[in-house]
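Undergrad: structure for this input, please:
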Amino acid sequence: TAAVVAGHHGCRNAGTVEQIRKESTRKKKKHHHKKSKSKDKDGKKNKTKKSVFSDEIFILNGNYNIIKLLGYGTFGEIMLAFDNSSRHLRAIKFEFFAAKNAQLKHEYSIYEQLNLLEDKSSQKKVGKEQNKSNQYHSETLSKIMYNYVDSSTNKIIGIPKVYLFDTVEGKYSYMVMDFLGPSLNDLFQLMEKKFSLQTICMCAMQMLCRLEYVHEKGFIHKDIKPENFVTGIDEDSNTIYIIDFGLSQRYKDKKTGAHISYKEKRQMVGTVRYASINTQIGIEQSRRDDIEALGYVLVYLALGRLPWMRVGKEKGKGHPAKVLEKKLITPPEILCKKLPRQFAFFFQYLRKLKFEERPDYNMIKSLFCELFLSKFDLAKNEMFSFDWFKDVNDKDDIISRKDDKAKSSLNEINENDELNNLDKMNDSSKIIQENDEVSNEDKKNDEIKDNLNINNIKEDEKNKNDENSMNNNKIEEKKEKSSSGSYGLIKSDLNNK
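TA: All right, here's what the predicted structure looks like:
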């Protein structure tokens, strides 16, 4: 029951829908594969989930062609179908007759009541709220904060429409409703548990609008969590819807408008992680409990965790009690320590609300609007865009964030390789030129050296010739002397030589 389209996603276009669905399916398969390995070690057999209805139902009620299984739970299954009359995709929720505490018919009746328009009172109210919103100087922001009805289509904003409820005796009942996009939890996981403050503020304002509308219709949701807020598809992809009213109930009488009475020792209903303190204590739920649960959802989306998420899970027993204990000892200042001051103020305000007191929705929305405007410059005429749209708006073939990173890194590598090749070519040409220059210079130097060596040899030869000529002259002189002189002089000259 967590989402109308568990495991199937939709955004601005068909490419986005298909790619996000593939990414989510891939992660789920990977997670399931890890679990199956651990089960195999224990010797247990793993069974893949198969639709109970897919083998026997192909065309439902003569109008809806069943396409595929979207999700399942203890209640039954959710399947994707094609409406042959309107030519639109629909989600069909099946519930087994054997299911305990059957809720589908109750949920269908709540959807019908929420989609009923009150003629004048609601229109006047919306007009008053829009006049109050002029201080924010943004028509788009005013629509996000205060519009409950789409004037062009006369449709309630953020509430899925239901088209049919029927039963097949002895087998199941089913409800046909709008086919919607991914839940906030799916998108949060897809974005690796990182939402910008801008996205959180935009989500907060829309989620508060949905709760205010549900409360004004006389209902409380009783199971606020990220899985129960989904986006629209195609042109409606910027709208956040609230779903899964199986646990919802009226908090005031439809005819008299009287508020339900205060009670204690009530059974806890909802999700422990996000449930309010009063709900876990056992006090009857009212509007304040939905708002507190929404506060915990926003903190989770901002930080990626809550202080009590791991409490009591080791032993498996006493988990809700330990979570309650952790909530009681964690004041708003500690819970919102790493967040802007508006978050702590929000919790301080809602914990002072009395059981029957109406929350000041406009004041709470203005907190997040103030925070939004402090981080977002309207003067730049920037588009209001969620984080999961920023990387895919201008692309025809949508790929996952990791594939984007891989592709960009691959392109960088290719570019670097090309640049490196060019650099290498340039460097090699430079080296060749330098080598040529150096070789030419070496040749010149060698020629000069050769010339110098030749000159030196010639000079040495001249010197040797001169010395030889001088020696010959001396010998001739001595011969002349010997011919005329004594024997002793010739002997002394020979000895000197």
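
Undergrad: list the contacts of Tyr251.
TA: Tyr251 sits next to His215, Gly218, Phe219, Ile220, His259, Ile260, Gln285, Ser286, Arg287 when contact means Cβ atoms under 8 Å, 6 or more residues apart in numbering. Where you see a C-beta, it was placed from the backbone N, CA and C, and this is true even at glycine.

Undergrad: excluding chain neighbours, what is closest to it?
TA: Ile220 (4.8 Å; Cβ to Cβ, 6 or more residues apart in numbering).

Undergrad: about what we covered before: ok, which pair from the contacts of Tyr251 is furthest apart?
TA: The two members of the contacts of Tyr251 with the most space between them (Cβ to Cβ) are Gly218 and Gln285, at 13.8 Å.

Undergrad: who has more neighbours, the two?
TA: Gln285 (25 against 16; other Cβ atoms under 10 Å).

Undergrad: let me see the confidence value for the more buried one.
TA: Gln285 is assigned a predicted lDDT (pLDDT) of 97.

Undergrad: ok, it touching Lys222?
TA: Yes - here Gln285 lies in contact with Lys222, judged by Cβ atoms under 8 Å, at a distance of 5.7 Å.

Undergrad: anything in contact with each of those two?
TA: Joint contacts of Gln285 and Lys222 (Cβ under 8 Å, 6+ apart) are Val269, Gly270.

Undergrad: turn the contacts of Tyr251 into JSON lines, including secondary structure and distance to Glu169.
TA: Below are these laid out as JSON lines (DSSP: H, G, I helix; E, B strand; the rest coil; distance: Cβ to Cβ, whole Å):
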{"residue": "His215", "secondary structure": "helix", "distance to Glu169": "37"}
{"residue": "Gly218", "secondary structure": "coil", "distance to Glu169": "33"}
{"residue": "Phe219", "secondary structure": "strand", "distance to Glu169": "30"}
{"residue": "Ile220", "secondary structure": "strand", "distance to Glu169": "33"}
{"residue": "His259", "secondary structure": "strand", "distance to Glu169": "39"}
{"residue": "Ile260", "secondary structure": "coil", "distance to Glu169": "35"}
{"residue": "Gln285", "secondary structure": "coil", "distance to Glu169": "35"}
{"residue": "Ser286", "secondary structure": "coil", "distance to Glu169": "38"}
{"residue": "Arg287", "secondary structure": "helix", "distance to Glu169": "39"}
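
Undergrad: what's across from the residue nearest to Tyr251 in the sheet?
TA: Gln249 (DSSP bridges).

Undergrad: any idea how many residues pack against it?
TA: 23.

Undergrad: assumed Leu116 was part of a helix.
TA: No - using DSSP: H, G, I helix; E, B strand; the rest coil, the assignment for Leu116 is coil, not a helix.

Undergrad: okay, now it: neighbour count?
TA: 9.

Undergrad: which residues in the stretch 201-350 of the chain form strands?
TA: 219-220, 229-231, 240-242, 249-250 (DSSP state E, counting those that start in this stretch).

Undergrad: let's have the ones you listed in a markdown table, adding mean pLDDT and distance to Leu70.
TA: Below are the strands of the stretch 201-350 of the chain laid out as a markdown table (pLDDT from 0 to 100; distance: least, Cβ to Cβ, whole Å):
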| stretch | mean pLDDT | distance to Leu70 |
| --- | --- | --- |
| strand 219-220 | 97 | 25 |
| strand 229-231 | 96 | 12 |
| strand 240-242 | 96 | 16 |
| strand 249-250 | 96 | 27 |
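
Undergrad: tell me which of those strands lies nearest to Ile66.
TA: So among those, strand 229-231 is nearest, using Cβ to Cβ, at 21.0 Å.

Undergrad: where does pLDDT dip in the stretch 101-250 of the chain?
TA: 119-146 (pLDDT under 70).

Undergrad: can you give me the helices for it?
TA: 104-114, 121-132, 139-146, 184-190, 197-216 (DSSP state H, counting those that start in this stretch).

Undergrad: the helix or strand hosting Glu77 pairs with which strands?
TA: Assigned by DSSP states H and E, Glu77 belongs to strand 76-83. Sheet pairing for strand 76-83, assigned by DSSP bridges, gives strand 64-72 (antiparallel), strand 88-96 (antiparallel).

Undergrad: can you list the buried residues in the last one?
TA: Translated: strand 88-96. Leu89, Arg90, Ala91, Ile92, Lys93, Phe94, Glu95, Phe96 (16 or more other Cβ atoms under 10 Å).

Undergrad: skipping its backbone neighbours, what lies nearest His215 in space?
TA: Arg287 (5.0 Å).

Undergrad: shouldn't the one you found be in contact with Lys217?
TA: No - in this structure Arg287 lies outside contact range of Lys217 using Cβ under 8 Å: 11.7 Å.

Undergrad: if I look at Val168, how far off is Lys68?
TA: According to Cβ to Cβ, to the nearest Å, Val168 and Lys68 sit 20 Å apart.

Undergrad: looking at these two, which is more packed in?
TA: Neighbours were counted for Val168 and for Lys68 using other Cβ under 10 Å; Val168 has more, 14 against 11.

Undergrad: what residues are up against the more buried one?
TA: When contacts are counted by Cβ under 8 Å, 6+ apart, Val168 touches Tyr174.

Undergrad: ok, Tyr111 next?
TA: Contacts of Tyr111 (Cβ under 8 Å, 6+ apart): Ile159, Pro160, Lys161, Val162, Met177, Phe245.

Undergrad: can you check Ser286 too?
TA: Ser286 neighbours (Cβ under 8 Å, 6+ apart): Ile220, Tyr251, His259, Ile260, Phe355, Glu356.

Undergrad: angles on the backbone of the nearest residue to the fourth one once chain neighbours are set aside, please.
TA: This points to Ile260. Take Ile260 and drop its neighbours on the chain: the residue closest to it by Cβ to Cβ, 6+ apart is Tyr251, 5.3 Å away. The phi/psi pair for Tyr251 (degrees, to the nearest 10) reads phi -110, psi -10.

Undergrad: could you check how far Tyr251 is from Gln267?
TA: Tyr251 is 17 Å from Gln267, by Cβ to Cβ.

Undergrad: again with Leu69
TA: Taking Cβ to Cβ, one finds Leu69 at 32 Å from Gln267.

Undergrad: of these two, which one has the most company?
TA: Leu69 (19 against 5).

Undergrad: right, and that one touches Glu77 too?
TA: Yes - counting by Cβ under 8 Å, Leu69 does reach Glu77; the two are 6.2 Å apart.

Undergrad: tell me which residues of stretch 266-284 are tucked away?
TA: Buried-residue list, stretch 266-284, by 16+ other Cβ under 10 Å: Gly270, Thr271, Val272, Arg273, Tyr274, Ala275, Ser276, Asn278, Thr279, Gln280, Ile283, Glu284.

Undergrad: got the contact list for the third one?
TA: If I follow you right, that is Val272. Gln280, His319, Pro320, Val323 are the contacts of Val272 under Cβ under 8 Å, 6+ apart.

Undergrad: so which of the residues you listed belong to helices?
TA: Using DSSP state H, the members of the contacts of Val272 that fall in helices are Gln280, His319, Pro320, Val323.

Undergrad: just the buried members of these?
TA: So, of the ones in helices among the contacts of Val272, Gln280, Val323 end up buried under the neighbour-count rule (16+ other Cβ under 10 Å).
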